[in-house]
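1. Fold the following.
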Amino acid sequence: RSVESRTRMDKYRIIQCPVTTESAMKKIEEINTLVFLVDIKATKLNIKEAVRQMYDVKCAKVNTLIRPDGKKKAYVHLTQDYDALDVANRIGII
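-> Sure, this is the predicted structure:
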């Protein structure tokens with residue numbers, strides 16, 4: 001091959017946008033969790049790594065679900081060292 005292959009799932013493709021609904025805001029404030037819409041093919045490990053690279057925070061755990069409209073939503077629980085409210089301010093959600 002003359003050209004090196006590149007991964008199709010980069011951090012900008014994995015994380016599409018943060019969710020800013022009222023229930024998502026409650027999760028940010030109370031249980032230190034950020035909510036994102038992510039690519040349908042992204043795995044939990046991919047999401048964890050993308051959040052670490054984009055926002056410089058460590059994730060404790062990632063839960064995912066596929067919504068009825070076919071989009072994937074990820075709940076990213078942050079470790080105790082980081083505050084989800086500060087990260088949300090930095091992103092521009094709040």
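2. Assumed R52 was part of a helix.
-> Yes: R52 sits within a helix when classified using DSSP: H, G, I helix; E, B strand; the rest coil.
3. measure it to P68 for me?
-> 29 Å (C-beta to C-beta, to the nearest Å). C-beta coordinates here come from the backbone N, C-alpha and C atoms, glycine included.
4. Who are the contact partners of the most centrally placed residue in the chain?
-> Most central in the chain under C-alpha atoms, centre = their mean is F36, positioned 4.6 Å from the mean C-alpha point. With contacts defined as C-beta atoms under 8 Å, 6 or more residues apart in numbering, F36 is in contact with I15, Q16, C17, P18, V19, I47, V51, K73, A74, V76.
5. quick one on the thing from earlier: the more surrounded of R52 and P68?
-> Neighbours per residue, other C-beta atoms under 10 Å: of R52 and P68, the larger number sits with R52, 14 against 5.
6. where does the protein dip in pLDDT?
-> Residue ranges of the chain with pLDDT under 70: 1.
7. Going along the chain, name the strands of it.
-> Ranges of strands in the chain, per DSSP state E, are 15-18, 33-38, 59-66, 72-78.
8. Using TSV, lay out those strands together with distance to V3.
-> As requested, these are exported to TSV (distance: least, C-beta to C-beta, whole Å):
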stretch	distance to V3
strand 15-18	27
strand 33-38	28
strand 59-66	33
strand 72-78	30
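9. what's the closest of the ones you listed to M25?
-> Proximity of the strands of the chain to M25 was assessed by C-beta to C-beta; the nearest stretch is strand 33-38, lying at 9.1 Å.
10. can you dump the C-alpha coordinates of the closest one into PDB?
-> Output for strand 33-38, consisting of C-alpha atoms alone and laid out as PDB, is shown next (Å, rounded to 0.1, in the frame of the first residue of the first chain):
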ATOM      1  CA  THR A  33     -22.600  12.200  34.600                       C
ATOM      2  CA  LEU A  34     -22.400  13.700  31.100                       C
ATOM      3  CA  VAL A  35     -24.800  12.700  28.400                       C
ATOM      4  CA  PHE A  36     -23.800  12.600  24.700                       C
ATOM      5  CA  LEU A  37     -25.300  11.400  21.400                       C
ATOM      6  CA  VAL A  38     -22.700   9.100  19.900                       C
END
